[in-house]
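Engineer: The sequence and its predicted three-dimensional model are supplied below.
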Amino acid sequence: MSRVAIISGDGLALALRLPERGMPEILAFGPDAGGVGPVASRSGRVNGMDDPPPSATLAPTTGMGAFQWPAIAGHRDGGDFVIEFADWKVEGHGADVTLRAEDRVSRLQLILSISVAAAALKMRTTLSNCGENAFTLDRCMAGTMLFPEGLADLTYFAGSWGREFQTRREPLSARLWMSENRRGRTSHDRSPSLLLTGATETLAAHLGWSGNHVLAVETLDDGRRLVHAGELFESGEMRLAPGESYESPAAYFALSSAALRARLQSEMTWPGGAAKPRPVTLNTWEGNYFKHDLTALKAQAEAAAALGVERFVLDDGWFGNRDDDHRALGDWTVDARKYPDGLQPLADHVHSLGMEFGLWFEPEMINPDSALYRAHPDWAMHAPGRERPLSRHQLGLDLTRSDVSDHIFAGLHRILSEIKIDCIKWDMNRDLAPASGADGRALAARQTRAVYALIDRIRAAHPHLEIESCASGGGRADYGVLSRTHRFWASDCTDALERLEIQRGAREFFPPSILGAHVSASPNHQTHRRLSLDFRAAVALAYHFGVEMDPLALDATERAALAGWIALHKRLRPLLHGDGAFHLTPYDGRYVWGAAEANRIVVIVAQGPQMIHEQAPPLRLPRAYVAPGSWRVVACTPSAPSFVRHTAAQMSLLTGAVAFSSATLSAAGLNLPMLRPESAMVLELHRQGNG
């Protein structure tokens, strides 16, 4: 006889029917699911099974009449491919529940761990081999969720290096939609995130995993959809010996991406137990590349401190004989040619200026032209008998070997112990190909876990340390790595015009406070596009704000302007990085985002390309972000935005001469002047009578 299990908390619930045999059936997911009781089972199809298994199940298996895409599949040397769990047991209650079952024929045990917090559900799957010989696991999804029938749109994120987080939206058709990633890291082109949007429902899904992954959406025989998220295995990669278990990464589901962002923030772990205000950062890469001169770097640090910068990060080129990207990766010793007294003098100078000091590493990689490779060529990933293809002149280190991970840990630990380093930028500049061990077997799954273990080991040894996740830009951005790190670099492309779309996509699933966005030089180093300082700064303002250039290259007017933007960011930072962050769907090249609280709203309006229409549409903010009352613009930055045209009435609005109601702001909208292409403005709105 079936039972109903409810997992609920923070206004969200999942109702499941637990059968005598088969997988738990999803009855409902949402704010009202906690009140669901027993429901009638469905009838069979004319050409189906007489006693049909439900199709809307967690982690469906195959072989016993459920013909949909299996979330769990495997075999024991070709046998035991039919999997059917039974005898479900429920442990825990409320917001944290564990479901256990066994398949005594296939000799497998399954554990589904489900929790609800911050209005988001987290699910993890563990499968154990209880048999006497090996079981090959071909697929084991971390989590599955149900979405209703009817017309719906699917939003996902594509892209490439320098064009990450490109938003793609398409109607969801009655087929199996699937996205697979085999790059060995989260990837630039296939983010493990998606949104389903129906007439009244939204489902946000994310896989917290930094390696190969698969997302799948299948339309069931009654029109409803199952959404799966899990790790992707290469052939024979996940082979469980007797007594061994596979534990999946975590899959996250919520009724909005905002809930998932809140869940991520609740799971991030910070030095001291809580996040401090995100320090304005200067990163030296685009200002110096591999040219390291101690006198020049000290002068840059002084100029940065005068601008209001709070963290100075020394990027690639400080170690080994690293004069370009062809050599020295893996040789984690300070280059005595550039730093004859080590890094201590620079670190001390940076700290004396009141800034934190950060350092760049790429611990997972090795150059063939390095002392480490010459001593241990077998430490690099390679497929026996095949060539070793290079990417950015480097190979991946096999961190699944304890001697390799111990050596890399020792090198990082030594440097982090010798001088005071407040943060590190952890980079990864190539995909894993071939992701093979010396035995010729696939190791991407084990490599990702080994990277996590190395990060955890570094943090345990240096608990004060903050870590930035970078992988050729935004190639490793997911909740798995961000449960261990503290910000991510969204893209190696710092062009503000390109960043409009990159940051719009990234902030759908990631809080603005952990998304690195820097003001870089003009012309831009990637696109050679020339953009105004005001536009570059406004586009970066709401995120983890920073500078990506040599501040000594600025003239006095530019330095004063940049200092003003840094001061503005610091003043608005508590609001911009708070719970009220929002972004609107771009229209006609106009991007709008910002943050709101009861008495203040900050709105950033940026125009990318030239508008097609002759008038800008009224600016309307969602009612949820606008408290009732009378509002007024109290500041506009820059003070003279670059408009195509404007009226006296519009300027009266922007200078605060006229007030407007909350209904005007959310319903009728504000008729703002049309911005010229590649320009922006920051508006500060205050509710009247509240400061």
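Structural biologist: Nice, I can see it. Residues are numbered from 1 along each chain as shown.
Engineer: From what I see, residue 229 and residue 141 are in contact.
Structural biologist: Yes. Residue 229 is within contact range of residue 141, at 6.5 Å (criterion: Cβ atoms under 8 Å). Where you see a C-beta, it was placed from the backbone N, CA and C, and this is true even at glycine.
Engineer: got any residues that touch both of these two?
Structural biologist: Residues touching both residue 229 and residue 141 (Cβ atoms under 8 Å, 6 or more residues apart in numbering) are 214, 251.
Engineer: So for those two, which residue has more residues nearby?
Structural biologist: More crowded of residue 229 and residue 141, by other Cβ atoms under 10 Å: residue 229, with 31 against 27.
Engineer: Show me where the stretch 1-150 of the chain has its strands.
Structural biologist: 3-9, 12-18, 25-30, 72-75, 86-93, 96-103, 108-117, 120-129, 135-147 (DSSP state E, counting those that start in this stretch).
Engineer: wait, which of those strands is closest to residue 42?
Structural biologist: Among those, the nearest to residue 42 by Cβ to Cβ is strand 25-30 (9.6 Å).
Engineer: what's the spacing between residue 331 and residue 400?
Structural biologist: Residue 331 sits 21 Å away from residue 400, going by Cβ to Cβ, to the nearest Å.
Engineer: do residue 435 as well
Structural biologist: As judged by Cβ to Cβ, residue 435 and residue 400 stand 10 Å apart.
Engineer: Return every residue with contacts to both of the two.
Structural biologist: What both residue 435 and residue 400 touch, as defined by Cβ under 8 Å, 6+ apart, is the set 443, 447.
Engineer: who has more neighbours, those two?
Structural biologist: The neighbour comparison of residue 435 against residue 400 (other Cβ under 10 Å) goes to residue 435, with 25 against 19.
Engineer: so what's the backbone phi/psi at the nearest residue to that one once chain neighbours are set aside?
Structural biologist: Nearest non-adjacent residue to residue 435, counting by Cβ to Cβ, 6 or more residues apart in numbering: residue 444, 4.0 Å away. Residue 444 adopts backbone torsions of phi -60, psi -40, taken as degrees, to the nearest 10.
Engineer: okay but residue 444 is in contact with residue 434, surely?
Structural biologist: No. With contacts counted by Cβ under 8 Å, residue 444 stays clear of residue 434, the gap being 9.6 Å.
Engineer: The two - which one has more neighbours?
Structural biologist: Each of residue 444 and residue 434 has its neighbours counted (other Cβ under 10 Å); residue 444 has more, 26 against 19.
Engineer: And the pLDDT at the more buried one?
Structural biologist: At residue 444, the model reports a pLDDT of 97.
Engineer: tell me the contacts of it?
Structural biologist: Contacts of residue 444 by Cβ under 8 Å, 6+ apart are 182, 184, 211, 212, 234, 237, 432, 435.
Engineer: One more pass at 10 Å, please.
Structural biologist: 182-185, 211-212, 231-234, 237, 381, 396, 400, 432-436 (Cβ atoms under 10 Å, 6 or more residues apart in numbering).
Engineer: Quick one: buried ones out of the residues you listed?
Structural biologist: Among these, the ones that count as buried by 16 or more other Cβ atoms under 10 Å are 182-185, 211-212, 231-234, 237, 381, 396, 400, 432-436.
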